[in-house]
Structures are given as C-alpha cells and as structure tokens.
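K.L.:
The following block contains a protein sequence and its predicted model.
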Amino acid sequence: MNRRLVPLILGLLVQAFACGGEDPTTPFTTLTIGTTSLLDGVENVAYSETLTATGGDRTYTWVITTGALPAGLILAASSGTLTGTPSAVGSSAFTVQAASGDGQSATQSYSIAVSAQPILLPSELCSAYPGHAIAAFEDANLDTAIRASLSVDAQVGLTCDLIASLTVLTADNAGITSLAGSQNLTSLTDLALHVNSITDISALSGLTRLTVLVLRNNSIRDISGLSGLTSLTVLSLHENFSISDIGVLSDLTGLTRLTLGGNAIADITALSGLTSLTMLSIWDNAITDVSALVALTSLDYLSLSGNPIVDIGPLGGLTELETLYLARNLALFDIGPLLDNTGLGSGDTVDLTDTNASCADVTALRAKGVTVTSPCS
C-alpha cells in the first residue's frame, strides 16, 4: 500500500466512527424479551397482545416451546403478536422463545387466564359492566326481535356494545309481555311494539333518545315511565283500554302526533301545554271538558269521537283544523263554535255521525265548503 494513503484512510475511518458508523467487528447486544406478562382474556372476546424484544440483530422469530396458548389464540412467528378470540374458560401456561438472526435466543414464561363473559340480569344496567358483558332480556320474544333487527342468530351473545348500536326496533304482534332488559337499548330512536301484551313500561324510562314510540293495543295502565322521554315527537298509546292518568304527558312538549283513543281518560288538562301538536286522537274515552285544547292552535287533525262532550266552544279558535271527528258524542247539540271557526272551509272534513247537531247547523257548515258526515241530507 502506498504509504502516503495510510494517513488518509485512517482519517476517513475516524471520521466515520465520529458520525455514528458501526464497527462491523463489534458483537450484537444480548437478546432480551421485554414483555414480562400478558393481559388475561375473556371468552368470545377478541384478544391482541404483542411481545417485544431488544438486542440481537433485531430480526426475531417467535415460537412456543412449552405449554400451549388458550384455545382460539395464535402467535405470529414474525411479529410476536398474539391474536384471536378465546373460545374456552380456563388458564394456560406456556413459554415463548425469541430467536434473532445472529444466533441468539431468549425465553420467557407466561400465563393467560380466560374468564367467562359477564351476564347481566334483565334488571341490570349495561353502564355498570364492560361493553363485552352479555345483556339479558326477560322475554324470549323480545330477545328474538332484537336479534332479528341486529341480524344476529341465537348463538351470538347480545353484548352491551352490540345492542348499543340498535336505533330502530319494530316488533308488532310478537307476543311480548315484558320489557325487562330494554333499559339497555339506549340508542333507540324509534320503537314500535303494538299489538302485544305489555303491561309495564318502566324499563323505557331511560331511553331518552326516543323520538317515536308506538305502544298501541297492549295492556298498559301506568304510563309514568314516559316522564323523561322529552325527545318524543310521536306517541301512540291507543287501545290500551285502561290508561286514565295522563299527567306525565305534560312534560312531553315536543310531541307533534299523539294518539290516546280507546282508553279510560276523563281529564285532559295535561295536554294544555302541548302546543306543538298537529295531530291528536283521543276517541272513545270519558272526556267531557275539552277546554285544555284551546291553546293547541297548530292542530290540523283532531279526533274526539265517542266521548260525552257537550261544549265544543274551545274548538272555535283552532283555525288550522282540516279534519275533525266528533262522531258518537250523543250529548253534543250545539256546533256553533264550528260555524264561528274562521279556518274551517273548503277541503276540510267534519264527522258528526251520531250526534244531535241540528240539520240547520249542518247545512250552514256545509255552506262554508266543509265536507260534513251527518244523517242530515
């Protein structure tokens, strides 16, 4: 070698090391597995943990040397990731080896305990449990309806996380008798359960996202469970036959459509502040006083058929009315307020079947352009 080149080469080597160069003759650091323990798992709940190591040439191969992973889990040889879904309850002990490309290896022992998913009682709240807990419903028919809405079969657990995704549930004529467990359907906005045998709706009291609730043709008597459902815009409770106290409805000021026909209601004072109502159906009850309706000036549909109403004076100011049913109010003689209602006219309809309204008044109402159903020719 040219002696004059030696100082130059040595200078270049010194510079290389000063800039972070690696001496190829220096051995790799000792291989060590950094992960010393693993999280436990839950049966039927996805699992993922990644093992880490340092040292060696940083290219690692991972293998199980003794024992076995919990059923349903696998170890990725190239990444050291444990993934899968544990399929059985129990505890598994095993040893993992990491080997690097420079010939080093290290081992570490682990254990993973797999526990069963928590299962709620129908009366319990998901908010007290992890999302993978299984919600329970007292009524098998309700459970079936929920599964159908979520498109899951009977072998899939209805976890709290899963049912929280349900926004619309319709189960008409499904034989449902109990709503226990439905308190956990907290994302529901639309619920229709008409023509069932439901008596207790207290489980619905916390479903504050509900905007549409249809519970007609059940056996409900107490509707106090509706008190906090202030997002409701549509409520149907007709033909439950035994509802008499509707005081709780006074807080539901967002209602636009309300049906209460076919019950035992006498006092409708609670409706006086529901000024957003455009449709109200309270036929076949025991109502005599309709003064609570005087402020409901947005009503365009009103059914009062089958009540012992005498005085319809408050209807005179409901000028948005387009459809009015007063049939089967046998004590009704004076329909003068309808003649005074400046909004009733061409294209509107009034049913006066089986009332004692005079034919002269009926004729006068027709003269305003109203289509009147009446025995009067």
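P.N.:
Noted; the coordinates are in hand.
K.L.:
Residue 180 and residue 104: what is the separation?
P.N.:
Relative to residue 104, residue 180 is positioned 60 Å away (criterion: CB to CB, to the nearest Å). For every residue, glycine as well, the C-beta is placed using N, CA and C.
K.L.:
how far away is residue 367 from residue 67?
P.N.:
When CB to CB is the yardstick, residue 367 and residue 67 sit 95 Å from each other.
K.L.:
out of these two, which sits in the more crowded spot?
P.N.:
A count of neighbours by other CB atoms under 10 Å puts residue 67 above the other of residue 367 and residue 67, at 13 against 9.
K.L.:
Contacts only, for the more buried one.
P.N.:
With contact set as CB atoms under 8 Å, 6 or more residues apart in numbering, residue 67 has these partners: 92, 93, 94, 95.
K.L.:
now swap in residue 310 and tell me
P.N.:
288, 331, 332, 333.
K.L.:
For the nearest residue in space to the last one that is not next to it in sequence, the count of nearby residues, please.
P.N.:
This means residue 333. By the measure of CB to CB, 6 or more residues apart in numbering, the closest residue to residue 333 outside its immediate chain neighbours is residue 356, 4.7 Å from it. By the criterion of other CB under 10 Å, residue 356 has 12 neighbours.
K.L.:
Just the pLDDT for residue 356.
P.N.:
We note a pLDDT of 96 for residue 356 in this prediction.
K.L.:
Could you list the buried residues of stretch 216-235?
P.N.:
Under the neighbour-count criterion of 16 or more other CB atoms under 10 Å, stretch 216-235 has 216, 217, 218, 220, 221, 223, 225, 226, 229, 232, 234, 235 buried.
K.L.:
And for stretch 170-190?
P.N.:
With burial defined by 16+ other CB under 10 Å, the residues of stretch 170-190 counted as buried are 171, 174, 176-186, 188.
K.L.:
Adding secondary structure, write the buried residues of stretch 216-235 out as JSON lines.
P.N.:
Formatted as JSON lines, these follow (DSSP: H, G, I helix; E, B strand; the rest coil):
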{"residue": "216", "secondary structure": "coil"}
{"residue": "217", "secondary structure": "coil"}
{"residue": "218", "secondary structure": "coil"}
{"residue": "220", "secondary structure": "coil"}
{"residue": "221", "secondary structure": "coil"}
{"residue": "223", "secondary structure": "coil"}
{"residue": "225", "secondary structure": "helix"}
{"residue": "226", "secondary structure": "helix"}
{"residue": "229", "secondary structure": "coil"}
{"residue": "232", "secondary structure": "coil"}
{"residue": "234", "secondary structure": "strand"}
{"residue": "235", "secondary structure": "strand"}
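K.L.:
got a winner among the contacts of residue 310 for most neighbours?
P.N.:
Looking at the contacts of residue 310 with neighbours defined as other CB under 10 Å, the largest count falls to residue 332 at 21 neighbours.
K.L.:
now residue 238: how far from residue 194?
P.N.:
Taking CB to CB as the measure, residue 238 and residue 194 are separated by 9 Å.
K.L.:
Who has more neighbours out of those two?
P.N.:
Just comparing residue 238 and residue 194: by other CB under 10 Å the higher neighbour count belongs to residue 238, 23 against 19.
K.L.:
For that one, what is the enclosing helix or strand?
P.N.:
Element membership of residue 238, judged by DSSP states H and E, is empty: it is in no helix or strand.
K.L.:
out of everything not next to it in sequence, what's closest to it?
P.N.:
Ranked by CB to CB, 6+ apart and with sequence neighbours excluded, the top spatial neighbour of residue 238 is residue 261, at 4.0 Å.
K.L.:
Count the neighbours of the one you found for me.
P.N.:
The number of residues near residue 261, taken as other CB under 10 Å, comes to 23.
K.L.:
Wait, a strand at it?
P.N.:
No: counting by three-state DSSP, residue 261 is not part of a strand but coil.
K.L.:
picking up where we left off before, just the buried ones from the contacts of residue 67, in ChimeraX syntax?
P.N.:
In ChimeraX, this line selects whichever of the contacts of residue 67 come out buried by 16+ other CB under 10 Å:
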select :92,94
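K.L.:
so which of the contacts of residue 67 would you say is closest to residue 34?
P.N.:
Top of the list for closeness to residue 34, among the contacts of residue 67 and by CB to CB, is residue 95 at 15.8 Å.
K.L.:
secondary structure class for the residue nearest to the closest one when sequence neighbours are not counted?
P.N.:
Excluding the flanking residues, the one nearest residue 95 by CB to CB, 6+ apart is residue 66, at 4.4 Å. Reducing the assignment to helix, strand or coil with three-state DSSP, the entry for residue 66 is strand.
K.L.:
my guess is residue 66 contacts residue 92, does it?
P.N.:
No: applying CB atoms under 8 Å, one finds residue 66 not in contact with residue 92, separated by 11.5 Å.
K.L.:
one step back: biggest separation within the buried residues of stretch 216-235, which pair?
P.N.:
221 and 234 (21.4 Å).
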